[in-house]
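1. I need the structure of the sequence given here:
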Amino acid sequence: NLKLLDSLLQELTSLQLYSVVTMLIDKPGVLAVIKVEHLVLPSGHKNQALLEQTDLHKFQEEHKISDNFCRKDKESNIQMKFSCWPCRIVIESVVALRSHLSGGKHLENAVNPVDNSEYFIDNGKWKKKKGEKRPLEESEKLSKRERTKKNKLARSIPILAQHTEAKYEETETYFENGLRKVRPYHFTFTTHAKGRWVGDKLSDVFAREFRAMEPKEYARCIEAGLVRVNDKASSVDYRVQNNDFISHTVHRHELPVTEQKINIINEDDDWVVVDKPGSIPVHPCGRYRHNSMTFILAKEHGLKTLQPVHRLDRLTSGVLIFSKSAAKARLMEQLITAREVEKEYVCRVVGEFPEEEIVCEEPIEVISCKIGLCVVDPKGKDCKTTFQRLEFKNGVSIVKCWPKTGRMHQLRVHLQFLGFPITNDPLYNSEIFGPEKGKGGDLGKSQEQLVQDLIKYHTVENWINSDEYEPSEIVNESGEIRKTEVIQNLDKIEKVQSETKEEASIKTKKQKLSDDLEICDPFCDPHCGECKLAYKDPPPETLVMYLHALKYSGDGWAYQTEMPKWATFL
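-> Numbering: from 1, shown residues only. Presented below is the predicted three-dimensional model:
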């Protein structure tokens, strides 16, 4: 009897709702049904895109409105809502509609309709149209870069040559022993004071925030005038003020990369697609600037306004897409974010990968942003990768990968979790993750301990003492042989992965340096510690990882490279 009574009450409620709706919308132009799609923009902000808008009076002739009419579909992210024209509000449930229609405010507005010509629906809300902007004069149509330059001049901030096209001429590139090398050059790092710096001593800020030098070396640079505040010399005891403009001039030494030619797959009015060689980063970062893809393409191919729309790890090779305009870059970023771009990779892994298709959907968590370390963790972001074995021989498999999502180090972490790490992955194919190397998510230690162990292990000194390469030694000015100094607390895991080995290997040539560096070499700085070190070339195996972006494709377009040589046993 109770169940029957409950059923009758629900039916009565439904009839009451229907009668109320019918009574108040017996004519069009009062309520509308709107269809919206919930999106996440490239900036990370949520947005509701209006797809359709239909008058409720007409909509009810062909559709029945149920209680869950406004429930969002989780797969398509589509949701139906109601829009009240007299009240200029959006209603997100049938229950709320019932309450609204019976309210006095709606009844009053329905009797005295308002002019909505100045209003529209945007991001799920009614908004008033803004006045049209005055057409710009030709002299006012400045690019973003030109506007930035104008603003800096207005604030008396110096415009450095490194921020103009003169930056491409600040040093020389040369080729030696199969490597692309850059001669050392002076470079000025600039930044505005962060809120957390205000009130702190300048020397304390550099010691705490930056790790390229020892604190005492930063203090020397401040006293020597290499560190300036608002384009004026400062002191170690200076207290940082809000909006201070801080600069630091250094003698920059870039690491060598492969001399392999960059093959342009496609170039048109909007896009440039290249086959990126391993060892070259996409854009300037860390110890790389002129030896980055954006600089090389600008200097050697005249492509100076490229916008990277996605990135590949420095050691990863393959398809890399650039846009010739910011607008097109945002368009491709939106397609990638909406997962409308299909990505296909190939890799070489340890062990006999299963013949059948494997789908891994383990969530991935970034456990250290400073060093860029990721692990499989239930608290992580959702991920999905499909794997298919192509070949197997001598304990090594060639595997194709289709990442559905684009999480940091997704392929490498999923392969590690499955127990088939990339053969020469300097990070995720490491016993620091335990005897099973992280298989099944078994780290054998806490995540915090894992981070500390990685920083401690991946230092120059431990590399020197390993059996992987020859002992690393340098000759100082007195002719004595000494071990290379340990470099601790690296900022980025890409340095942990590869720069440590490269730095150790290039700083080990047994060659006595001249006592007067500034005379024997115009690119040397007598105050630069690195100029007093001899260099040798990094081992070739440190310049590539067996992971290659084979193909990127979307609706009506596809870009693909040839299969890399290491990806076949034939």
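2. quick one, grab the pLDDT at the residue most central in space within the chain.
-> For the chain, residue 311 is the residue whose C-alpha lies nearest the centre (C-alpha atoms, centre = their mean; 7.0 Å). Note for residue 311: predicted pLDDT of 90.
3. and it, what element?
-> For residue 311, there is no host helix or strand (DSSP states H and E).
4. contacts only, for it.
-> Applying C-beta atoms under 8 Å, 6 or more residues apart in numbering, we find residue 311 in contact with 282, 283, 320. In this view, the C-beta of every residue, glycine as well, is placed from N, C-alpha and C.
5. return the residues in contact with the first one.
-> Residue 282 makes contacts with 276, 292, 293, 294, 308, 311, 312, 314, 320, as judged by C-beta under 8 Å, 6+ apart.
6. thinking again about what came up before, list phi and psi for the residue nearest to the centre of the chain.
-> phi -130, psi 160 (degrees, to the nearest 10).
7. shift numbering so it begins at 43
-> All set: I'll call the first residue 43, so the last point we hit is now residue 353.
8. could you report the neighbour count for residue 303?
-> By other C-beta atoms under 10 Å, the residues close to residue 303 number 9.
9. same deal with residue 91?
-> Look at residue 91: counted by other C-beta under 10 Å, it has 14 neighbours.
10. what pairs with it across the strands?
-> Beta-bridge pairing for residue 91 (DSSP bridges): residue 79.
11. now do residue 123
-> Counting by DSSP bridges, residue 123 is bridged to residue 76.
12. relative to residue 112, how far out is it?
-> Distance, residue 123 to residue 112, using C-beta to C-beta, to the nearest Å: 6 Å.
13. what is in contact with those two at once?
-> Taking C-beta under 8 Å, 6+ apart as the contact rule, residue 123 and residue 112 both touch residue 134.
14. between the two, which has more neighbouring residues?
-> The neighbour comparison of residue 123 against residue 112 (other C-beta under 10 Å) goes to residue 123, with 22 against 19.
15. contact partners for that one?
-> By C-beta under 8 Å, 6+ apart, residue 123 lies in contact with 75, 76, 77, 78, 112, 132, 133, 134, 166.
16. list only buried entries from these.
-> The neighbour count (16 or more other C-beta atoms under 10 Å) marks 75, 76, 78, 112, 132, 133, 134, 166 as buried among these.
17. which one of the contacts of residue 324 is nearest to residue 276?
-> In terms of C-beta to C-beta, no member of the contacts of residue 324 lies closer to residue 276 than residue 334, at 30.8 Å.
18. surely the closest one touches residue 321?
-> No - with contact defined as C-beta atoms under 8 Å, residue 334 does not reach residue 321; the gap is 10.9 Å.
19. compare these two (neighbour count), which wins?
-> Using other C-beta under 10 Å, the more surrounded residue of residue 334 and residue 321 is residue 321, with 27 against 20.
20. any idea whether that one is helix, strand or coil?
-> When classified by DSSP: H, G, I helix; E, B strand; the rest coil, residue 321 comes out as coil.
21. neighbours around the nearest residue to it once chain neighbours are set aside, how many?
-> Spatial nearest neighbour of residue 321, chain neighbours left out: residue 585 (3.9 Å); criterion: C-beta to C-beta, 6 or more residues apart in numbering. Counted with other C-beta under 10 Å, the neighbours of residue 585 add up to 21.
22. how about residue 585, what does it touch?
-> Applying C-beta under 8 Å, 6+ apart to residue 585 gives the contacts 299, 300, 320, 321, 357.
23. which one (most neighbours) among those?
-> residue 321 (27 neighbours).
24. which one of the contacts of residue 123 is nearest residue 427?
-> residue 78 (30.7 Å).
25. nearest residue to that closest one in space, please, no chain neighbours.
-> residue 90 (4.4 Å).
26. and residue 166, by the same measure?
-> Distances taken as C-beta to C-beta, 6+ apart place residue 90 nearest to residue 166, at 3.8 Å, with adjacent residues excluded.
27. buried residues in stretch 391-406?
-> By neighbour count on 16+ other C-beta under 10 Å, the buried set for stretch 391-406 is 391, 392, 395, 400, 402, 404, 406.
28. in strands, which of the residues you listed appear?
-> Among these, the ones falling in strands (DSSP state E) are 391, 392, 400, 402, 406.
29. tell me the two of the residues you listed that are most distant?
-> Pairwise over these, using C-beta to C-beta, the maximum falls at 392 and 406, 20.1 Å.
30. just for the stretch 93-242 of the chain, where's the confidence low?
-> Within the stretch 93-242 of the chain, the stretches with pLDDT under 70 are 174-176, 178-183.
31. if you could redo that for the chain, that was the one I meant.
-> 43-68, 84-86, 174-176, 178-183, 412, 499-564, 612.
32. may I have stretch 162-178 exported as CSV, CA atoms only?
-> C-alpha atoms of stretch 162-178 as CSV (Å, rounded to 0.1, in the frame of the first residue of the first chain):
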residue,chain,number,x,y,z
PHE,A,162,22.7,37.1,-24.7
ILE,A,163,23.6,33.7,-23.2
ASP,A,164,27.3,33.1,-22.7
ASN,A,165,29.0,30.3,-20.6
GLY,A,166,25.6,29.2,-19.2
LYS,A,167,24.6,32.7,-18.0
TRP,A,168,22.7,35.7,-19.3
LYS,A,169,25.0,38.6,-20.1
LYS,A,170,24.6,42.1,-21.3
LYS,A,171,26.3,43.0,-24.6
LYS,A,172,29.2,45.4,-24.4
GLY,A,173,29.5,48.4,-26.6
GLU,A,174,31.4,48.0,-29.8
LYS,A,175,35.1,48.9,-29.6
ARG,A,176,36.3,51.9,-31.6
PRO,A,177,38.1,50.7,-34.8
LEU,A,178,41.8,50.9,-34.3
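33. return the set of buried residues in it.
-> Buried, per 16+ other C-beta under 10 Å, within stretch 162-178: 163, 166, 168.
34. Provide a list of residues in contact with the second one.
-> With contact set as C-beta under 8 Å, 6+ apart, residue 166 has these partners: 78, 90, 123, 132.
35. so which of those is the closest to residue 373?
-> The shortest approach to residue 373 among those belongs to residue 90, at 19.6 Å (C-beta to C-beta).
36. count of residues packed around the closest one?
-> When counting by other C-beta under 10 Å, one arrives at 19 neighbours for residue 90.
37. quick check, it in contact with residue 81.
-> Yes - with contact defined as C-beta under 8 Å, residue 90 counts as touching residue 81 (7.4 Å).
38. picking up where we left off before, next, find the distance separating the residue nearest to residue 321 from residue 322.
-> 9 Å.
39. and for the two, which residues touch both?
-> 299, 300.
40. run the chain-centre distance for stretch 191-207.
-> 27 Å (C-alpha atoms, centre = their mean, to the nearest Å).
41. any buried residues in it, and which?
-> 191, 199, 204.
42. what about those residues, which are in strands?
-> In strands, judged by DSSP E, none of these are found.
43. ok, of the buried ones among the contacts of residue 123, which one's closest to residue 106?
-> residue 75 (12.2 Å).
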